[in-house]
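Undergrad: sharing a model prediction with you, sequence too.
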Amino acid sequence: MLDRHLLKSWVLAISCMSACSLTFAEGSCERLVATGNPNNPPFMWRDPQNPKQLMGAQADMLQKVAKDLGLQLDVLYSRSWEKAEDEVRSGRIDLLAGAELKPAALDDMDYIYPSVYSHDSVVWVRNILSFPYIEWADLRERKGAKAADILSPAFTGYAKANLNIEQAANLSQAFQKLMLGEVDYVLAERESGLARATTMGLQDDLLPLSPPIEGQPMYLALSHNSACNDAWLRGQLAKKMTELTASELPASLLQKNLQRWKQQQPQLESVSAPKS
């Protein structure tokens, strides 16, 4: 017969092993650090009250996910999008919010599917005009403007061969040209365009058309060099992203942060359309 003390020791050892296995299965990471594009409202921008942090819809979404998983989270400012990518590649920061899927980046990061948000490049027009638009060819007889090279090589090549699009110094100038009738449309991302139109007092005067010119999913990416990168965390993040895509929370966070952004900005002088 086994010694009672020996049997008790074995049971205790097995219990400890089971507890350790469970802890490992649930992940050993207690704190995550994330970053993203500091110039991308309402998705993400630098917090004026806490300049070391980022705020915005993506930051709020990550905070909710971290809370649900029982993790602490900091969303840190990284000076620029390029710097943010470098910080995550190195593993100094764990998570990158808003990552574009690039084959080369797969060597350094695990992309979390599905994406909750996307950058949709759209045609912006004055809200009082009829502007039939379904496909790229519908822009051929119109004059347009854009403020940044946000579009794919495929559209850029098409535009160079078929469209009349001028380069504006910035999005505010492009929208001013649109309101003054100097151009017929502006190409810009939907959410960043809405943020700029709102701060200019033009949210009711400008209209983004559907369908988008093109869309680019914005993924969460977890650094290969992160000490928190394990199967449990990747699986839990993917589960949370799947739940969020089926909920109304992402859209409500965008609206909430659009208003936060507006309240933080000095009101720009609104540009009226020419009387006709």
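TA: Thanks, I have it.

Undergrad: can I get the helix or strand containing residue 259 as PDB, trimmed to CA atoms?
TA: Residue 259 is part of helix 249-264, with elements assigned from DSSP states H and E. Taking Å, rounded to 0.1, in the frame of the first residue of the first chain, the C-alpha atoms of helix 249-264 are listed here in PDB:
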ATOM      1  CA  LEU A 249     -19.500  49.100 -31.400                       C
ATOM      2  CA  PRO A 250     -16.900  49.900 -34.100                       C
ATOM      3  CA  ALA A 251     -19.300  52.300 -35.800                       C
ATOM      4  CA  SER A 252     -20.300  53.900 -32.600                       C
ATOM      5  CA  LEU A 253     -16.600  54.400 -31.600                       C
ATOM      6  CA  LEU A 254     -16.000  56.200 -34.800                       C
ATOM      7  CA  GLN A 255     -18.800  58.600 -34.200                       C
ATOM      8  CA  LYS A 256     -17.800  59.200 -30.600                       C
ATOM      9  CA  ASN A 257     -14.200  59.900 -31.600                       C
ATOM     10  CA  LEU A 258     -15.200  62.100 -34.500                       C
ATOM     11  CA  GLN A 259     -16.900  64.400 -32.000                       C
ATOM     12  CA  ARG A 260     -13.900  64.200 -29.700                       C
ATOM     13  CA  TRP A 261     -11.700  65.200 -32.500                       C
ATOM     14  CA  LYS A 262     -13.900  68.100 -33.500                       C
ATOM     15  CA  GLN A 263     -14.000  69.400 -30.000                       C
ATOM     16  CA  GLN A 264     -10.200  69.500 -29.800                       C
END
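
Undergrad: buried ones in it?
TA: 249, 250, 253, 254, 257, 258, 260, 261, 262 (16 or more other CB atoms under 10 Å). The C-beta positions use only the backbone N, C-alpha and C, and glycine is treated the same way.

Undergrad: what is the mean pLDDT for the helix or strand containing residue 86?
TA: Residue 86 belongs to helix 81-90 when assigned by DSSP H and E. Average pLDDT, helix 81-90: 96.

Undergrad: quick check: which helices or strands does it pack against?
TA: Judged by 3 or more CB pairs under 8 Å, 6 or more residues apart in numbering; DSSP states H and E, the packing partners of helix 81-90 are strand 31-35, strand 95-99, strand 214-223.

Undergrad: so which of those strands is the most packed in?
TA: Compared across the helices and strands packed on helix 81-90, strand 95-99 shows the largest average neighbour count, a mean of 26 (mean count of other CB atoms under 10 Å).

Undergrad: compare the helices and strands packed on helix 81-90 and give me the one nearest residue 142.
TA: Distances from residue 142 to each of the helices and strands packed on helix 81-90 were compared using CB to CB; the minimum, 17.8 Å, belongs to strand 214-223.

Undergrad: pull up the gap between the residue nearest to the spatial centre of the chain and residue 40, please.
TA: By CA atoms, centre = their mean, the mean C-alpha position of the chain lies nearest to residue 98, the distance being 3.8 Å. Residue 98 sits 7 Å away from residue 40, going by CB to CB, to the nearest Å.

Undergrad: cool, residue 124 as well?
TA: Here residue 124 is placed at a distance of 17 Å from residue 40 (CB to CB).

Undergrad: what does residue 105 give?
TA: Counting by CB to CB, the gap from residue 105 to residue 40 is 18 Å.
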